[in-house]
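>>> I'd like to go over a predicted model; first the sequence, then the structure.
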Amino acid sequence: MFVLMRALTYAAIFIGVVVIYLPASILTSAGITRPPVTGAVQIAGMIMVAVGVAIALWCVLTFAIVGKGTPAPFDPPRRLVVSGPYRFVRNPMYIGAGLALLGVAVFYGSASLYGFVGLFLLIVFLFIVAYEEPTLRRTFGADYEAYLDRVGRFWPRRTT
């Protein structure tokens, strides 16, 4: 139970900073306010945010329940997580966060937020390649190598 509380706490901090605080700061700096009308574009943005957050939370729960850890690099899972959303792609949490951020950008129609989404995705990619994958290789060895062969980083692989 304690690991679940830690995972949810870290997730709330991450979502609060990356998906709420930073985009709000960018919008404020750019002088962008809520659209006066909630149209189809805003509804599409809200759906993207909801789906992205749901994916990210599914990942957090999977890390806590299956991996016995959290998504935070300083409190990682004790077991390799290859189930739940991780059976489709290796980095669904980042996909969920990116989708949520993209939904905010769509909702506001903000070029600044689209730029932030691009920067977020670049930073995530560099973090995965430079830190996460080498660390997981060292930690889980052959099991992780087999997982790399079966599951794509961001896109599901066709199974035969």
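Perfect, thanks for sending it.
>>> Make sure Arg34 is indeed in a helix.
No: applying DSSP: H, G, I helix; E, B strand; the rest coil, one finds Arg34 to be coil, outside a helix.
>>> Which residue is the nearest non-sequential neighbour of it?
Tyr108 (7.6 Å; Cβ to Cβ, 6 or more residues apart in numbering). Any C-beta I mention is one placed from the backbone N, CA and C, and that applies to glycine too.
>>> how far away is that neighbour from Leu102?
Separation of Tyr108 from Leu102 (Cβ to Cβ, to the nearest Å): 11 Å.
>>> Check Val49 too.
Taking Cβ to Cβ, one finds Val49 at 9 Å from Leu102.
>>> likewise Val18?
Relative to Leu102, and taking Cβ to Cβ, Val18 is found at 13 Å.
>>> out of these two, which sits in the busier spot?
Leu102 (21 against 17; other Cβ atoms under 10 Å).
>>> ok, residues contacting the helix or strand of the chain with the lowest mean pLDDT?
None of the helices or strands of the chain scores lower by mean pLDDT, DSSP states H and E than helix 2-14, at a mean of 87. Residues from elsewhere that reach helix 2-14 (Cβ atoms under 8 Å, 6 or more residues apart in numbering): 56-57, 60-61, 63-65, 68-72, 75, 97.
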